[in-house]
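Visitor: Kindly return the folded structure for what I paste below:
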Amino acid sequence: MAPDELKLECLLYYAQAWHLALHDVPLFDDPIVAADHGPGLESGLAFQRLQTTLSPMNWEHFDKVIRRYANFNPDALARRVRSEPPGSWRANEHSSNRG
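Guide: Numbers count the residues shown, from 1 in each chain. Presented below is the predicted three-dimensional model:
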């Protein structure tokens with residue numbers, strides 16, 4: 001996986017997690033799936049779709065997440081995700097499909 005793609009998927013994972021924690025609703029509908037490198041989106045074109053579907057308020061939320069994790073390089077960010085409580089990101093697989 002390309003470094004930029006890895007970082008984007010980790011940022012989308014954190015954006016979804018933060019949004020669920022703060023608002024109890026998903027930021028986007030694309031399922032999050034567990035992969036060997038860390039969390040990812042089921043759709044390979046998820047970000048392109050998000051660009052046209054997120055509201056300005058949701059973009060503001062995503063921007064906050066980007067700013068929070070901007071200093072992490074892709075590998076460090078992926079390690080951070082994988083080091084969270086055992087299996088937490090795997091346990092939340094498909095968390096955006098709750099409902």
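
Visitor: What residues of the helix or strand where residue 75 lies count as buried?
Guide: If you go by DSSP states H and E, residue 75 is part of helix 74-82. Neighbour-count burial for helix 74-82 flags 74, 77-78, 81-82 (criterion: 16 or more other Cβ atoms under 10 Å). (C-beta placed from N, C-alpha, C; glycine too.)

Visitor: Check stretch 6-26 too.
Guide: 6-20, 26.

Visitor: Mean confidence (pLDDT) on that stretch, please.
Guide: Mean pLDDT, computed over stretch 6-26, is 89.

Visitor: tell me which element the nearest residue to residue 68 once chain neighbours are set aside is part of?
Guide: Leaving aside its chain neighbours, residue 68 sits nearest to residue 14 (7.7 Å; criterion: Cβ to Cβ, 6 or more residues apart in numbering). Using DSSP H and E, residue 14 sits within helix 3-23.

Visitor: show me the contacts for the residue most central in space within the chain.
Guide: A centroid search over the chain (Cα atoms, centre = their mean) returns residue 13, at 1.5 Å, as the residue closest to the centre. By Cβ atoms under 8 Å, 6 or more residues apart in numbering, the contact set of residue 13 is 32, 38-40, 81, 89.
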